[in-house]
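Q: after the sequence you'll find the predicted model.
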Amino acid sequence: MAKDPIILYGRAVQDARNRLRSAQISTMTDVLVAELFKPGTGDGTAFATVFAGWVRKLPKMNEEVGSFLDTRAAKAANRALGAAQVRADDFVTPDGAIQDIYAIGDMLRYVGEYFEFGGGGQNATVNAVNQFRDGLRNQLAFNKANRARRPVTDYDLTEWPDLGIFKNELLDRSVVKYMERFYGPYIGADISGTTTDALDVLAYFLADSIGSQNLVSNAGSVIRLGDEMVPIATMVLQYHHSLMECGLALSLSSKSMEKSASTNGAALSRFNLYDYTTFINGAANEPVASVMTRGNQTLARDLAGRGLVIIRDAIDINDNPYADAEIALLLDDPANNRLFDLNSQYTPFAEKRREVMMTEDGYYQNGNPSLTAFASRQFGNLAVAGQSYDDIIRMNSLDLAGLKGSAPTLVFDNLDAALQADRPGAALNARQVAAALKLPPQPQSPAQPAAEPQPASQLAPGDEPDADETSLRGIDPNRLRKALAIASLFDN
């Protein structure tokens, strides 16, 4: 039987966003370790080394032939190729050792630009690759009416990193911004064209490697094998795009994939924010299948099997003289809840955003659409302690504190307290961490068998005991160094 929704308010809402983000970046780190490193070594997998070798062998364009526009395009293609080949050398050494794991993301982006500027010549295969790339983008979602962003003014003067989420500002009409406000964990850089471009490059790489010219079939193979997760992971971990923006780009129907009946005309047949196996279309190929399963376990651990939706955020309450707290819901079993199948929710969000842009009197409204305009359709029947959804959405922090007193098991201003009743023990989480870093299994004491989850630690954050030094014996130093280097990227 489905559990009742939990109401969060105040700081607990942002804490829930942070918990969701933490689970996502943990899984994306696991993806890069599994897809790029041979188990137990610092050496690259076959995919990593062969792809880098392929990039190094791509041909330069002749800059002396053709019209002025042709030569200019050839120069642009060669600049992109040169940058990709430099990053290939940064990525993996000639003897196969992985160096800069994020360089592969740059390689894919530069190779995409290389083909876009005419790289590879004008043969039928390359032309098909370019047509396939253009057709991978959903026409509705990538239309400027819905994909709405602009560069942050004087961004260079901030000296912040040159990353998509930081240097781009989403406009009020952006559908993805509306969805990211509702689902969390943060507002990104709008739907990701780099994600579909990377799928195009990998489909061509596979064609060049095995001789199959069926780009639709190749794209499906790239997804099932987990290769497409590599550019997604690098973009998410470097804050070029959010995970939602990558998943939406692949799960909305497109001209290029319309012949793929098994995936409903999209690269992904389904995209559920709480089921990472949807990123590989449920395939069982290792090692990526195990990574996605562990990711689902991490999500279930971090949010106690619940899914987050925000029904009133800081944008809604900005300059409001009464509403002073964000409000969110934690819903049961999100992996099997269609509300979290984001490919199916894009059109409803787009329609609602269009609907609220004009008043009933026909006047256009500036500003962001309210979250409750969408949420009321989903949760209009919600009632807690005699208070209806319409009552709850109008409450300020004092009202919500009163509601908490009336329904202490359903209303919380503390995330950990909200999750305590349903949260599994800490032992499962420890095994996930060990698996992600490829640490050897530790013996279990007779009093704590491996199959039984243990109670969560009662230690305050930051008071956890140091790891036993004996647990690090026998680990390859280079392997440990790389794992710690990855982990340090997310050390706050």
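A: Done, it's in. Residues are numbered from 1 along each chain as shown.

Q: and the closest residue to N396 other than its chain neighbours, what is it in contact with?
A: Of all residues not flanking N396 in the chain, D324 sits nearest, at 5.1 Å (Cβ to Cβ, 6 or more residues apart in numbering). The C-beta positions use only the backbone N, C-alpha and C, and glycine is treated the same way. Shown in contact with D324 (Cβ atoms under 8 Å, 6 or more residues apart in numbering): I317, N396, S397.

Q: next: M358.
A: Contacts here follow Cβ under 8 Å, 6+ apart; on that basis M358 touches Y364, Q365.

Q: please apply the same query to I392.
A: When contacts are counted by Cβ under 8 Å, 6+ apart, I392 touches I7, I327, L382, V384, L400, L403.

Q: tabulate the CA atom coordinates of stretch 9-20 in CSV.
A: Taking Å, rounded to 0.1, in the frame of the first residue of the first chain, the C-alpha atoms of stretch 9-20 are listed here in CSV:
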residue,chain,number,x,y,z
TYR,A,9,9.1,23.0,4.6
GLY,A,10,11.8,25.6,5.3
ARG,A,11,15.4,24.4,5.3
ALA,A,12,14.4,20.8,4.9
VAL,A,13,13.4,21.4,1.3
GLN,A,14,16.9,22.6,0.3
ASP,A,15,18.4,19.7,2.3
ALA,A,16,16.3,17.3,0.2
ARG,A,17,17.6,18.9,-3.0
ASN,A,18,21.2,18.5,-1.7
ARG,A,19,20.5,14.8,-0.9
LEU,A,20,19.2,14.2,-4.4
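
Q: ok, back up a step: which of the contacts of D324 ranks first by neighbour count?
A: Highest neighbour count within those, by other Cβ atoms under 10 Å: I317, with 17 neighbours.

Q: so what are the domain limits for this structure?
A: Following the assignment in automatic domain parsing, the chain carries domains at 38-285, 426-488.

Q: wait, which of those is closest to G307?
A: Counting by Cβ to Cβ, G307 lies closest to domain 38-285 out of those; the figure is 5.4 Å.

Q: can you give me the end-to-end distance of the closest one?
A: In domain 38-285, first residue to last residue: 15 Å (Cα to Cα, to the nearest Å).

Q: how close does the residue lying closest to F271 once chain neighbours are set aside get to G193?
A: Nearest residue to F271, sequence neighbours excluded (Cβ to Cβ, 6+ apart): S251, at 3.6 Å. S251 is 15 Å from G193, where distance means Cβ to Cβ, to the nearest Å.

Q: of these two, which one has the most company?
A: The neighbour comparison of S251 against G193 (other Cβ under 10 Å) goes to S251, with 25 against 17.

Q: isn't that one up against G265?
A: No - judged on Cβ atoms under 8 Å, S251 makes no contact with G265 at a distance of 10.5 Å.

Q: what's near enough to touch L331?
A: Contacts of L331 by Cβ under 8 Å, 6+ apart are P5, R306, G307, L308, V309, N337, L339.

Q: then E180?
A: E180 sits next to Y186, I187, G188, S242, M244, E245 when contact means Cβ under 8 Å, 6+ apart.

Q: what about it, which helix or strand?
A: helix 175-183 (DSSP states H and E).

Q: list the buried residues for that helix?
A: For helix 175-183, the neighbour count (16 or more other Cβ atoms under 10 Å) marks V175, V176, K177, Y178, M179, E180, R181, F182, Y183 as buried.

Q: just put those in TSV and tack on pLDDT and distance to A233.
A: Putting the buried residues of helix 175-183 into TSV (pLDDT from 0 to 100; distance: Cβ to Cβ, whole Å) gives the following:
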residue	pLDDT	distance to A233
V175	96	24
V176	97	19
K177	96	23
Y178	97	25
M179	97	21
E180	98	19
R181	97	24
F182	98	24
Y183	98	19
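
Q: so for the protein, the centremost residue is which one?
A: Closest residue to the average C-alpha location of the chain: L243 at 1.3 Å, with Cα atoms, centre = their mean.

Q: which pLDDT value belongs to that residue?
A: Looking at L243, its pLDDT stands at 97.

Q: so it versus M28, what's the distance?
A: Between L243 and M28 the computed distance is 7 Å (Cβ to Cβ).

Q: need the residues touching each of those two.
A: In contact with both L243 and M28: I232, V236, using Cβ under 8 Å, 6+ apart.

Q: ok but I311 is inside a strand, no?
A: Yes - using DSSP: H, G, I helix; E, B strand; the rest coil, the assignment for I311 is a strand.

Q: ok, so what distance separates it from V13?
A: 10 Å.

Q: now do the shared contacts for these two.
A: By the contact definition Cβ under 8 Å, 6+ apart, I311 and V13 are jointly contacted by I327, A328.

Q: hmm, which helix or strand of the protein has the shakiest average pLDDT?
A: helix 426-436 (a mean of 46; mean pLDDT, DSSP states H and E).

Q: let me know the secondary structure of V13.
A: Assignment for V13 (three-state DSSP): helix.

Q: what is the burial count for it?
A: By other Cβ under 10 Å, the residues close to V13 number 24.

Q: the one 10 residues further on now?
A: In terms of burial, A23 registers 22 neighbours under the definition other Cβ under 10 Å.

Q: if I look at it, how far off is S251?
A: Counting by Cβ to Cβ, the gap between A23 and S251 amounts to 20 Å.

Q: low-confidence ranges, this structure, go.
A: 1, 122, 424-492 (pLDDT under 70).

Q: in it, which spans are strands?
A: Counting by DSSP state E, the chain has strands at residues 6-9, 149-151, 168-170, 306-312, 327-332, 383-384, 387-388, 411-412.

Q: residues contacting S192?
A: Per Cβ under 8 Å, 6+ apart, neighbours of S192: M235, H240, H241, E245, C246, L248, A249.
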